[in-house]
Structure formats: C-alpha cells, structure tokens
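> Structure of the sequence below:
(chains A and B)
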Amino acid sequence: MDEPQRERLIGETAEERLSRMPHLSRRGFVVAGGAGALSAILAACAGPTSSGGTSSGPTGAGTKNAVHAVLPNGAALADQQYFVQPFDSTGVTYKALDFYETVYSRAPLADEFNIPLVRLDPNYNIVPGAAMSWTQAANKLSWTFKIRPGIMWSNGVELTAADYIATLRYSADPKHAWDFTWFWSGVIKNYTEAVAGKVPDTAIGVKQGADKYTLVIETVGPIAFIPSACLYTTPLSAVALEKHGSGLYNIDPSTCVSCGPYILHTFEPTSTIVLAPNTKYTGPFKPPIDYLIGKIYNGGDMLPRFQTGQVDTFNASALDLKVVAKTPSLKGLKVYKNPNDFEIWYTFFNCKAAPFDNIKVRQAFAHAVNRGPLIDSLLAPLAIPAYGYLMPGYPFAVTTPLEKYTNYDPSLAQKLLSEAGYPGGKGFPSVTFNWWANAASNTEAVVQALTANWNKVLGINVNLQEMDKTTFYTKMEKIPTQLQMGFVSYGMDYFDASNMLSVYKSGGRHNWDNAQYDSLLARGAAESNTAERQTIYTQAQELLTDQAPGVFIFHLLYGYLYWPYLKGQALATNKLGYDGIQWPGFFATSSSLTELYVADNVGSYTRQNESGVL
Amino acid sequence: MLAYLGQRFLTLLLVMLVLTMVIFGLMHAVPGGPFNMTQQPLPPAAMANIMRKYGLSEPLWRQYLNWLWALLHGDLGIPFEDPTTTVTGLIAHAWPITLIVGGITIGVSYIGGLIVGCVSALRHNTWIDWLLTSVVSTAGVALPNYVIGFLLITVFAVKLGWLPAGGWGSPADVILPVIAFALYPMALMARYTRASTLEVTYSDYVRMGRARGLSNRRITTRYILRTSLIPLITIMGPNIPNILTGSIFIEATFALPGLGQYFTTASLRRDYPLIMALVLVVAALWGTCYILSDVAYTLVDPRVRLEGLSQ
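Residues are numbered from 1 along each chain as shown, chains lettered A, B, ... in the order given. Now for the predicted structure:
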C-alpha cells in the first residue's frame, strides 16, 4: 500500500487536513499545544508498534529459520515470523498443554510438543504424522503403526513406540483420572477395565510390535476408525513422564520436553502463552512460523484487538462481520469461513417421559422449524440449516434423504400433533425449554425464535429457561435426565461418523434408546469397506432423523479474519469450498502448521511489536 | 479505642466463620460440580477417579473440616481452575493487578469526585454546576463501565491509536481501565459531595460565621468542607472493597488478568477452594473497611466516640 492509499483509507489527504486547519487564537494555540503534548505522552506510553511502509519490505525468502525451514518466496524476515492468536477463556480453564493431561482444560497452543501418529490435511484426509504407514491385522482386531525413526525429543531421547504406550497407559491410570477416558473406552482392549481399576494400566491393548518403531493397538473388536481416532495420539515423553509423574512438566519452560517444532517459552494461562522454536527439532514437518503467541482474554471484544494489531487473526461472529463490512479500514479484508469442528446445534428431548415419549410429538416439533429465515435473520453468514446430525462434508454425512423427515411443514406438524392426541395443541402440557448462553451461536435469539414458532404453529405453550452451562450439562446428563428439552451443541472429536453419531447411542448423552440404531453404529464401526460403511451410516442417519429424539437446527460456520500479511496454503480453499485454517487448527495434528507464513508486506500494516513477549 | 477495635475484629472473625459454613453449604447445593461440563458423560468409574483425586468423594462435613483445618494452617487449597498453583499463589498473582488499577481508581475517583462536587456546590446554579452535574455526574452514574470502556477503546485505541486496546504490562495499560472504572464512583462521590456541601452551606452556623465577618475562604475550608465530609465516609468506605476486588467487566473489556474475573468464573466453574478463598477476602475487606469507616468518623467529627458506641 502506498502513502496516498493509506491516506485514502483514513479518509483524507494531508493537504485536505491542512486546508481545514483553522487560524488559531492564542487560547486555541495553548489548548492545541496542550492536546498535542498529551497526545505525545499518550503515544509514548502506548509502547512500540510496527507501523509500516507501503511496499514489500525486506524478504526472508530462501533463508532458514530456527527449525531449519526454508522460508518461501514472499516471506518476511525470520524476526517477523511469529503468529499471534487470541483466545477467549470465558467459561474454560487452562491447566495443561497436553491432550493426555487434560482435554477440557487444555490451554491454547496445546499439543505442539509432539508429533501424533497421523495428521489431517486441509481436505480432512488422514496423512502420515509420526507414523509412516498403518495396517489393520487380518483378523481386524489390531492396528499396526510404523513410526519413522530419527525423531528426537529435546532431552536427547528418540521418539519410539514406548512414548505412545506410556502416554496411553497414563491416560487409563485411575490415579491420573483423565477427563476424556470415554474416547478410548470400548475401543482399546482392556481400556475400560483399566480405568475402573479392574486391571493394571499395563494390560491395555497398546504394545510394542516387532521393534521399537512398531506400535500395535489392539481393539475390543473390529474397529475401522482407529486411524481417524489416532489423530489424538499426541504423546508425552515416556522418560519425562516417568521422571515427573505427570504431563505437567510441559507447562514449565525449564522442564518442557518436545519432539515437535516448538517448545515452551512462557506459560501465563491468564494472559500469555508463548511457544519458541525447538532448535533441537529433527522431525519432518518444519513450520516457517518461529514463534506462536497465544493472547488470552477473559471476554471482551476481540475486534478492537485485531484492529489495533494486537493479534494477527480472530474468530469473528456474525455481528463482527457486519461491523467489519462497514469499517473502512477492514471492509477489504477477506472473510474466511470453515466448519471448524463440524458443530451442530440442536434441540433434544427427554424421550422417556410425556409428552416427548410420543414420537409424533417429536416429529411435529421437527416439522415446525423454519430453518432458512431463522438462519438468515440471526446467524448468517455463519450457519447452514441442519436437516441431519452430520454437517455436509463430514464423513458419511447425507442431507437430501433426511429433508423429508425434518423439513418445515406446518400442516404436517399440526397433523402429527393432532395424531399424538393434542389437536390444535389442546391438552398439550406446558413444557420448559432450557438453554445456556453462547454468543457465537447467538443462542439467546435462536431459542426465542424457535419457541415463538413452536407456540405459534402448534398452538402450545413452550417456556424458556436459561441456566449456567454447568447446571445445564449436569441436569442434561443425569440419569434420568432432568431437562424436558434443551438446546445444546456437539462438535466432533475425530473425523469419522462413528464419533458424532455415537452421541445418540443408547446410554450416551441423551436418553433415547434404540437397538436398531446401536446395531447400525456397531456395524459401521467394524466395517472396513467405505461404500458399505456409507450405506450403514446413511441408514443410521435416516433412522435418527425420522425418530426425532432431537430437532437439528443449524450447523455453525466459523468466520476468521487474518491480516493480509499472513499467507500460505493453510488459508487456501479446500475441496468443500471452505477456507482459512481448517480443523484441527494450527497444531501438530494438522498439515497447516507447515503452510502458513508471514509475508514481506507485513510492514504495511500496524502490528504490535512482540519483542517484549519474545 | 483498642478494646473497641479488638471487639469489632473478633466479631468479624465469627461472622467469617459462619459465612464460610453458609457458602460451603450453598456452593455444594447448586447443581453440578467442577467436572460436569464434559461433552459426553464420563463413565462412572472415570468420574469416581476424578472425584477421589480432588477430595470430593468424602462426606460434605468432612470436606468442610478438612478445608477449615487447612485454612488454620494457612493453606487455602489448590484451585480446580489451575491445579499447578495454590489458591494463595493465584490470588497473590492476580490481586496486585487489581489493587494497582483499584488503588489508582480510588484516588482518581475520590479526589475527582470531591473536587467536582465542591465546585458544583460552590458554583451552585451556574453553568459550571450544570455542566458538572449533568455531564460528569449523570453520565458517570447512568453509563455502565463496560459501555464507557468500549467507547474509550474505540476512540483512543482504534481511532486515534494513542493507547492500547487492552492488556497488561506497560503503564499505558492502566489509563483506559482507570478512566472507565473511576467514572461511576467519581460521579457518585460528586453527587453526594454536592448535596452534602449545599446542605452545610445553608446551615445556621455557616450563616453565623458569615455574619461575624469570617472570610469566604475560611468558611469554605474550615466549616463547610470539613463538615460536609462526614456523610461522605458512609459512601467512601463501602466503595473501597468493591473497587479493590475488581470488576469482571473492566477486566474483560481491557483484558486485565486481575482478580475480578475469578469472582464469576470460580462460581460458574464450581471451583470450590477458590470460591471459599474469595469469600474470605471479600468478607475481611468489607468488615475491615466498615470498622475503619467507624474510626474515621471519630477523626472528622469530634462528637463521635467509639467507646461510647461499644458500650
């Protein structure tokens, strides 16, 4: 950007400003001088910022950074290769930096100190990570992963199967009390028993194969989705785990051990987390970005932080995008959209108590939701209608076959309610619709719109009740559930239909039990043939949507803004038409890590100088 | 005086003990625990492991006694939010930030409020009075501090680029939070100061002073302002703990890693040890400020005697 361009951005040229300047009286001069002095003091207080020139600055193309990645054409110098991301800590806690220490309280920039067995590319394909290849045994009861040799931990020990074994055993240790044990329960052999203390954690089905580079995962039965689930085989160092007794060694820079391209520099979980380059890195995936900086905010508005160059990117809400579109300095920025974790927002019912134990009542509710106008008015452009539980693009997701079960059809809805014994809504008991506030999905407005529509179309009385999230989840997951109906979301854990669809498995999150559905899920999980799996999961989705244990409302899209100095294939449009950094994000579990860099036009933008942080 | 203070602080300790019992019971009566926000329900064995690890599998009365015993040994426990530190460590880390912002806010708002209130009263029914009363006092009371915060960020950080939009680390980070935080107490102070000063200005003894030919300056500083200060202690005292324990709105708006946020997050996350510690902090601070307010009355009003009150 040249100087005239910059001036146009802020609305006027220097000549125009000069021509507008009034002739100053003595008093005016004193006032103006005072204001100028105050401005100077304030500007001095504001700290260093890098506000750049207009053209491409010095280039670092062809040079190597701290982890020996060759910076691509158009890259800025190595000292500009840092990536500042904001994180909102509202409602979450940050205790650790490793998946196997805690999942729900992982801090931002977690899982960067290792290499998982597999990774995801921008098109959501499973690609090699630490494992070069993987095969299922002929009897389909185990998977063997071949780990690439020569990857070293920063403590000088080589990454081998022993690290994955120690980590998975640690996760099953009852004393560790890991908060995500359901992930491997019923998947890895003896895992459930080890968590319950019935067998030692050494008895779980994770073993070394023929040599130290061969890892064998034994399963409870034939399970096809193990490679997808192995995205979350982010190992701790077996030696460090043994030495420290837990994975918390990774939140102290003096004890952090990494075999990934980054190592801990600063861990202040209420304000800043900084990862520095691991100069001892020997792995194959070398990121151009040297430093990762996580700025942690407990609420507040992210847009001004982005505008003032405090952060390089941010996750924009639909409201933010409206503001951006009207802000001269921002409206030229490209808005990137992708489904992130393929989140669905839906209404669930207590299917074992009246009135929702009647399938026709549930179906009536499903046909009384007009998704299009609701999304257009409240969520656009960051949502798409949900006619099934799986978002289009998610493995084995179907949409068209499901629309007939859940399309907006007020006449059919009224007919179903009448057949259920409530003609015109007469005799239908007053029900309570519970929800918790979530700004990103505008839940407050959405639940009001849903309620108004149900009451209007069906002639019934649905009342809203807000709860805090902990109370909501506690009441929802009680057996029997304490909520008549509620509005909730689910995002995927790994990229396979077996994950998302398991939410409605009998004994799972909601109290809808269906043996046929359970059987389909079991068959789908065991089936290796992709076409056959598609058939099975299509049947499962049709059954789930037809039975309507929930009404699926919308799939959330995430909007991202990046300053234009961030470039690389990591932001490119994928085969589904989504762009920006795709799930699972800028992590070791994603190929995006090696495909993002700070370009040499960085000097044209106001960007906070992070030399103090680094 | 010492006997009076001893009695008051002893009473405060008893109040705090009862308070801990009530709060302990209440926070366990609220649905949900610190580990109930998992996406999928945990297997019962896994949940039992977690409850055992954090000492939550024991009967409630024993949990309370364990907490009390630890407290008597100076141990406030380990926060569920951050088990890598202690509650004491977490408070020691976060509170100084709140105290810095709060301390400056108290200074700015109290001194500013006194000046604005006095000037308004002494220039009663003039344009200065109108300006100060309507703009500073009314706007300060009517506008929530987070709205003021967003306005300040928009003007001084986004538009002018003079000050950071938030964060903590440089002296400039204090300016906008203090302005946003100070406006309400300053406006409150100004309104009470104005009312109190006006009331004293028209009292008989001031009129008598004027009749005796005392100078305006002497009447204002010696008789009006000193007397009008007495009712203000009632306002100033209780506001201090409010400000010194921080504001989640200010901290969220300006990204300050202070203590204020924990008052909300600890409750929402059912972080029992942190909730108990914060209750103790607030109770001690409020109790102490009320006691000190009572003492302050004796300093500005010779008619008040604490010994008499305590009897």
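> What about residue 110, how many residues nearby?
No chain in the question, so chain A it is. 24 (other C-beta atoms under 10 Å in any protein chain shown). Placement of C-beta: from N, CA and C, glycine included.
> oops, chain B please
21.
> and it, that's in a helix?
Yes: under DSSP: H, G, I helix; E, B strand; the rest coil, B:Tyr110 falls within a helix.
> What is the distance between stretch A:408-424 and the centre of its chain?
Chain-centre distance of stretch A:408-424: 38 Å, with C-alpha atoms, centre = their mean, to the nearest Å.
> mind listing what's buried in that stretch?
Across stretch A:408-424, burial judged by 16 or more other C-beta atoms under 10 Å in any protein chain shown covers A:408-409, A:413-418, A:420, A:422.
> Dump the residues you listed into CSV; add pLDDT, secondary structure and distance to chain B as well.
Shown next, in CSV, are the buried residues of stretch A:408-424 (pLDDT from 0 to 100; DSSP: H, G, I helix; E, B strand; the rest coil; distance: C-beta to the nearest C-beta, whole Å):
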residue, pLDDT, secondary structure, distance to chain B
A:Tyr408, 97, coil, 29
A:Asp409, 97, coil, 32
A:Ala413, 97, helix, 30
A:Gln414, 97, helix, 35
A:Lys415, 97, helix, 36
A:Leu416, 98, helix, 30
A:Leu417, 97, helix, 31
A:Ser418, 97, helix, 36
A:Ala420, 97, coil, 29
A:Tyr422, 97, coil, 31
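> So A:Ser498: helix, strand or coil?
A:Ser498 - assigned by three-state DSSP - is helix.
> Hmm, A:Ile226 and it touching each other?
No: contact criterion C-beta atoms under 8 Å: A:Ser498 and A:Ile226 do not qualify, at 10.3 Å.
> Show me the beta-bridge partners of A:Ala316.
Beta bridges link A:Ala316 to A:Gly559, judged by DSSP bridges.
> any idea how far it is from chain B?
To chain B, A:Ala316 is 15 Å away according to C-beta to the nearest C-beta, to the nearest Å.
> Surely that residue is in contact with A:Lys337?
No: if you go by C-beta under 8 Å, A:Ala316 and A:Lys337 don't touch, sitting 9.7 Å apart.
> Can you check which residues contact both of these two?
A:559-560 (C-beta atoms under 8 Å, 6 or more residues apart in numbering or on different chains).
> Return the distance of stretch A:157-167 from the chain's centre.
27 Å.
> now stretch A:485-493
With C-alpha atoms, centre = their mean as the basis, stretch A:485-493 stands 14 Å off its chain's centre.
> Not counting it itself, show me its contacts.
Stretch A:485-493 is touched from outside by A:183, A:232, A:340-350, A:356, A:394, A:431-436, A:438, A:441, A:443, A:446-447, A:450, A:462, A:472, A:476, A:499-500, A:503, A:509, A:553, A:556, A:583, B:39, with contacts defined as C-beta under 8 Å, 6+ apart.
> do stretch A:454-471 as well
So stretch A:454-471 is contacted by A:91, A:364-365, A:368-369, A:410, A:413-414, A:417, A:422, A:424-426, A:428, A:430-437, A:444, A:447-448, A:451, A:475, A:485, B:30-33, B:36-37, B:268-270 (C-beta under 8 Å, 6+ apart).
> Give me the pLDDT for residue 290.
No chain specified, so I'll use chain A. Confidence at A:Asp290, expressed as pLDDT, is 96.
> try again with chain B
For B:Tyr290, the pLDDT comes out at 88.
> just checking, what packs against the helix or strand where it lies?
For B:Tyr290, the host element (DSSP states H and E) is helix B:272-300. Identification of packing neighbours for helix B:272-300 by 3 or more C-beta pairs under 8 Å, 6 or more residues apart in numbering or on different chains; DSSP states H and E yields helix B:2-29, helix B:60-72, helix B:87-122, helix B:226-244, helix B:260-268, helix B:306-310.
> buried residues in it?
Here helix B:272-300 shows B:272-284, B:286-289, B:291, B:293-298 as buried, counting by 16+ other C-beta under 10 Å.
> can you check stretch A:485-498 too?
A:485-498.
> Quick one: distance of it to the chain centre.
12 Å.
> distance between the ends of it?
With C-alpha to C-alpha, to the nearest Å as the measure, stretch A:485-498 spans 25 Å from end to end.
> now do stretch A:248-262
17 Å.
> how about it, does it reach chain B?
Yes: against chain B, stretch A:248-262 shows contacts by C-beta under 8 Å from any C-beta of the partner chain at A:248, A:251.
> Next: stretch A:596-610.
Yes: applying C-beta under 8 Å from any C-beta, one finds stretch A:596-610 in contact with chain B at A:Thr606.
> buried residues in that stretch?
Buried, per 16+ other C-beta under 10 Å, within stretch A:596-610: A:596-604, A:607-608, A:610.
> Ok, stretch B:2-12 next?
Under the neighbour-count criterion of 16+ other C-beta under 10 Å, stretch B:2-12 has B:4, B:8, B:12 buried.
> So what touches stretch A:397-417?
Contacts for stretch A:397-417 (C-beta under 8 Å, 6+ apart): A:360-361, A:363-372, A:387-388, A:390-392, A:423-425, A:428, A:457-460, A:497, A:538, A:541-542, A:545-546, A:548, A:551-552.
> Buried only: go through those for me.
Using 16+ other C-beta under 10 Å, the buried members of these are A:360-361, A:363-371, A:387-388, A:390-392, A:425, A:428, A:457-458, A:460, A:497, A:538, A:541-542, A:545, A:548, A:551-552.
> Show only the entries of those found in helices.
Counted as lying in helices by DSSP state H, out of the buried ones among the contacts of stretch A:397-417, are A:360-361, A:363-367, A:371, A:457-458, A:497, A:538, A:541-542, A:545.
> of the residues you listed, closest to A:Tyr291?
The nearest member of these to A:Tyr291, counting by C-beta to C-beta, is A:Ala497 at 37.6 Å.
> just checking, that closest one touches A:Thr538?
No: contact between A:Ala497 and A:Thr538 fails when scored by C-beta under 8 Å: they sit 9.7 Å apart.
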